[in-house]
Each structure stands twice: as C-alpha cells, then as structure tokens.
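Trainee: What follows is a predicted protein model with its sequence.
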Amino acid sequence: MPSRKALIRQPSSRLDEGLVTHLQRTPVDAVVALRQWEGYVGALAEHGWESIEVAPADDCPDGVFVEDTVVMFRNVALITRPGAASRRPETAAVEEELARLGCSVNWVWEPGTLDGGDVLKVGDTVYVGQGGRTNAAGVAQLRAAFEPLGARVVAVPVSRVLHLKSAVTALPDGTVLGHPPLVDVPTLFPRFLPVPEPSGAHVVLLGGGRLLMAASAPKTAELLAGLGYEPVLVEIGEFEKLEGCVTCLSVRLRDLYV
Ligand SMILES: NC(=O)NCCC[C@H](N)C(=O)O
C-alpha cells in the first residue's frame with residue numbers, strides 16, 4: 001500500500017525576502033501567506049495526506065518551497081544542491097527528516113546544482129529541466145542516482161520560467177500540461193495538453209482523479225473538470241508572487257517502507 005505522507009515547511013517570517021527571477025517583486029503579506037499555507041496543508045489533510053513538518057528555518061526566506069530540497073524516486077531521497085546559494089542551508093533539516101522516515105539518502109555534490117522544482121516524474125520517466133537552477137552536472141548526478149533504480153532520465157531545456165515544473169506537470173494518465181508560451185519544447189512530451197493559464201500548468205495529484213490546483217487557474221480547472229478530473233482549488237497568491245506554485249509547497253512521499 002503506497003504511503004500518503006507529505007513533507008511541508010512553515011513559511012519563514014522573512015518570506016517577503018524570497019527570491020524572484022522572472023517576476024517583478026511585489027510585497028508579500030506574511031499573515032495572508034500563513035493563512036494560505038494553512039489552507040494548502042488543510043487541503044492535503046482533507047484528501048488523506050498526513051503532513052510531516054520539517055523543522056522551520058526562519059533564516060531561510062524560501063524554505064517554505066520545500067520541493068526544491070529533495071527529489072524522491074521510490075524510497076531513495078536525493079538531497080539537492082539548490083542552484084541559488086542562499087537556499088542551500090534549507091537542505092539539512094530535510095535530510096534529517098527523510099532519514100528518520102527510513103529513506104535511503106543520496107546527495108548532489110559540487111559542482112552539481114539541482115532544484116527539486118526542475119524534476120517531473122511521469123511513471124518511471126524522470127524529466128529534468130536544465131537552464132535555470134539545475135546545471136549539467138546536476139542532471140548527470142540525477143541520472144547516476146536514479147537510472148540504476150529503473151528511472152529513465154530525460155533532460156529538457158527550461159528558459160522561460162524558474163523551474164521545469166513552473167512550465168509543466170502531469171495528469172495521472174501521464175498527459176503533460178503546460179501553458180504553451182512558457183514551455184520551451186512541448187514536442188518533447190509524448191502527450192501534451194495546452195492549458196489557458198500559466199498556473200493551470202501546475203497540478204498536485206491527490207489520488208483518484210483529484211488535482212490540487214491554484215485558485216488563479218479557474219479556466220484550466222474547468223477544462224480538467226470537463227475531462228473527468230476533480231480540481232481542488234487553493235489560494236496561494238502570496239507564494240505565486242515569489243514564483244511558487246502548488247507543487248513547490250510539499251513533497252509527497254508515496255514509497256516509504258515504514
Ligand atoms: N519548485 C518551485 O516552484 N519553487 C519555487 C521557488 C521560489 C523561490 N522564490 C525561488 O526563487 O527559489
């Protein structure tokens with residue numbers, strides 16, 4: 001039986017200092033952000049996901065975007081080396097928590113850089129975005145860690161958004177969703193469904209046909225509901241100001257042994 005735990009991390013009180021790369025900086029309201037984060041965690045719980053809270057890192061403004069610190073494949077956790085140096089202190093507590101949960105732990109080493117947001121798993125295919133925070137050595141180390149476990153690692157260019165998963169994610173049947181102006185090479189994906197909103201490209205699979213999505217993508221939610229899925233919408237506007245999306249606020253752990 002697959003496990004249904006999800007790593008999360010409380011927003012730092014310095015959230016408004018989080019990095020912005022492709023967006024214009026706009027002020028972040030810490031109180032609203034905390035309320036939105038609680039709503040996100042509540043939606044996970046409502047749909048059967050037990051949250052495991054990583055120790056808060058108040059001095060890491062981007063710590064809430066916990067997805068970037070680790071890539072899971074089966075029971076193996078690859079602790080990343082984030083492309084932004086300011087984010088590297090985020091990984092230690094994540095590693096500790098995953099070891100405690102019984103995962104095998106592996107690491108990305110210098111000169112490699114890899115952000116979890118650049119890794120999209122579709123079955124045993126692991127797409128990795130290269131061009132922003134993840135470099136060629138990071139891609140090579142991802143291959144070395146996961147190909148022996150049965151993964152097929154496919155590197156794809158990313159230049160228009162922060163991470164690969166800012167551009168594309170996948171439905172339960174493997175169809176890749178993306179907002180075309182933000183996807184470098186849509187033809188790299190065997191089945192690609194264009195969506196009308198940038199944040200419509202982001203879905204977290206909650207189980208069955210339920211899809212956690214940002215409330216900022218109502219047209220895509222309608223499109224997906226029409227295809228028989230059940231969108232579960234959450235407000236995450238304060239995190240979107242920092243180039244965050246629904247995927248980056250958690251790491252689902254589906255293959256724990258304990
Ligand atoms: N996986 C993600 O989409 N992470 C979002 C990270 C946003 C953060 N402000 C950053 O620039 O690193």
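Mentor: Structure received.

Trainee: Give me the number of neighbouring residues for the closest residue to the ligand within the stretch 51-200 of the chain.
Mentor: Across the stretch 51-200 of the chain, the shortest distance to the ligand (CB to the nearest ligand atom) belongs to residue 117, at 2.4 Å. C-betas here are computed from N, CA, C, even on glycine. For residue 117, the count of nearby residues is 30 (other CB atoms under 10 Å).

Trainee: List the residues that contact it.
Mentor: The contact partners of residue 117, by CB atoms under 8 Å, 6 or more residues apart in numbering, come to 65, 67-68, 133, 162-166, 247-248.

Trainee: Grab the nearest non-local neighbour of it.
Mentor: In this structure, residue 117 finds its nearest non-sequential neighbour in residue 163, 3.3 Å apart by CB to CB, 6 or more residues apart in numbering.

Trainee: got the residues of the stretch 51-200 of the chain near the ligand?
Mentor: Within the stretch 51-200 of the chain, the residues that sit near the ligand (CB under 6 Å from any ligand atom) are 62, 65, 67-68, 84, 87, 117, 162-163, 165-166.

Trainee: Those in helices, which ones?
Mentor: Members of these lying in helices (criterion: DSSP state H): 165-166.

Trainee: quick one: the helices in this structure?
Mentor: Taking DSSP H as the test, the helices found in the chain are 30-46, 91-100, 136-146, 164-167, 218-226, 237-240.

Trainee: who touches the longest one?
Mentor: Counting by CB under 8 Å, 6+ apart, helix 30-46 makes contact with 6, 8, 10-11, 13, 15-16, 51, 64, 206, 212, 232, 234-239, 246, 249-250, all of which sit outside it.

Trainee: again, but for the fourth one
Mentor: Contacting residues not belonging to helix 164-167 are listed as 67, 117-120, 127-129, 156, 158, 160-161, 178-179, 182-184, 201-202, 243, 245, 247-248 [CB under 8 Å, 6+ apart].

Trainee: can you tell me the average pLDDT over that helix?
Mentor: Helix 164-167 carries an average pLDDT of 98.

Trainee: roughly how far out does that helix sit from the chain middle?
Mentor: 9 Å (CA atoms, centre = their mean, to the nearest Å).

Trainee: now swap in the fifth one and tell me
Mentor: Between the mean C-alpha point of helix 218-226 and the mean C-alpha point of its chain there is a distance of 21 Å (CA atoms, centre = their mean).
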